[in-house]
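> attaching a predicted model along with its sequence, questions to come.
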Amino acid sequence: MSAVSETIVREYLELHGFFVRQQRKFIAPARLEEDEVDFYALNPHWESGVPRPFELGSADLRGVARALMLVKGWHTETFSPGLLANTPELFRFAEAGASEHAARSLGGEGPLTRVLVVPALPQAEEARTQSIEFLRANGIDAVLSFRTMLADLIGEVEVNRNYQKSDLLQTIRILKNYDFFREPQLELFHPGRKKR
């Protein structure tokens, strides 16, 4: 996983008040099962009883008390049920033994949520439903998309503020300053072809 994908996830979680811990910053030659987790996240302000959908949005994070997160920055690959079926190592962090060990080392109160961070779920309804069923059957409790995280980060960054301690937020600020990001807008009429 690239450092950019990790940075996006970390900044997003910290923006929403989570304490984020990474088990290690180096890649070990032989990884153990409990080393499959990319981030441990602890929400000190979680609210019990908040419904948590499978596809998490920013508002849904208040219902997440503790999370084990696996980040897959497959930004150029097509996400499909076939890709999931051919990558069984993806689900090691959700196995009972790994989850229990991680829960003990994370500490904190509240239920543990196993979150897979991916670019997006498939757009086609049938493939999307198959992917969600496959993920749930393999112990994944929720999915968080990079689109959700990036949209939230872009929306929160202020042009007049200096984000000196975060290269990602500083880059977003500069891009916003030079109008590379447009404000979301509602298009009532789709522009037709130009008349000659």
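Arrived safely, thanks for sending. Worth saying up front: this structure is predicted, and the values here are computed from it rather than measured.
> following the lowest-mean-pLDDT helix or strand in the chain, which helix or strand shows up next?
Lowest on mean pLDDT, DSSP states H and E among the helices and strands of the chain sits helix 96-106, with a mean of 69. Helices and strands here follow DSSP states H and E; after helix 96-106, the next one along the chain is strand 112-118.
> other SSEs contacting that following strand?
Applying 3 or more C-beta pairs under 8 Å, 6 or more residues apart in numbering; DSSP states H and E, one finds that strand 112-118 contacts strand 66-71, helix 96-106, strand 142-145, helix 146-156. The way it works is simple: take the backbone N, C-alpha and C, and place the C-beta from them, glycine included.
> for residue 58, find the nearest of those.
helix 146-156 (4.9 Å; C-beta to C-beta).
> quick one: the helices in this structure?
3-15, 81-85, 96-106, 125-137, 146-156, 167-177 (DSSP state H).
> most tightly packed of those helices?
Greatest average neighbour count among the helices of the chain goes to helix 3-15 (a mean of 18), per mean count of other C-beta atoms under 10 Å.
> nearest to residue 72, of the helices of the chain?
When the helices of the chain are compared (using C-beta to C-beta), the closest one is helix 3-15, at 8.0 Å.
> contacts for the closest one, please.
20, 22, 38-39, 41, 69, 71-73, 75, 117, 144, 146, 149-150, 152-153, 156, 166-169 (C-beta atoms under 8 Å, 6 or more residues apart in numbering).
> average model confidence for it?
Across helix 3-15, pLDDT averages out at 93.
> dump the C-alpha coordinates for it into PDB.
Output of helix 3-15 as PDB, limited to C-alpha atoms (Å, rounded to 0.1, in the frame of the first residue of the first chain):
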ATOM      1  CA  ALA A   3       2.000   6.100   1.700                       C
ATOM      2  CA  VAL A   4      -0.400   8.400   0.000                       C
ATOM      3  CA  SER A   5      -3.400   6.000   0.600                       C
ATOM      4  CA  GLU A   6      -2.400   5.700   4.200                       C
ATOM      5  CA  THR A   7      -2.100   9.400   4.600                       C
ATOM      6  CA  ILE A   8      -5.600  10.000   3.200                       C
ATOM      7  CA  VAL A   9      -7.100   7.500   5.600                       C
ATOM      8  CA  ARG A  10      -5.200   8.900   8.600                       C
ATOM      9  CA  GLU A  11      -6.100  12.500   7.800                       C
ATOM     10  CA  TYR A  12      -9.700  11.600   7.300                       C
ATOM     11  CA  LEU A  13     -10.000   9.700  10.600                       C
ATOM     12  CA  GLU A  14      -8.200  12.400  12.500                       C
ATOM     13  CA  LEU A  15     -10.500  15.000  11.000                       C
END
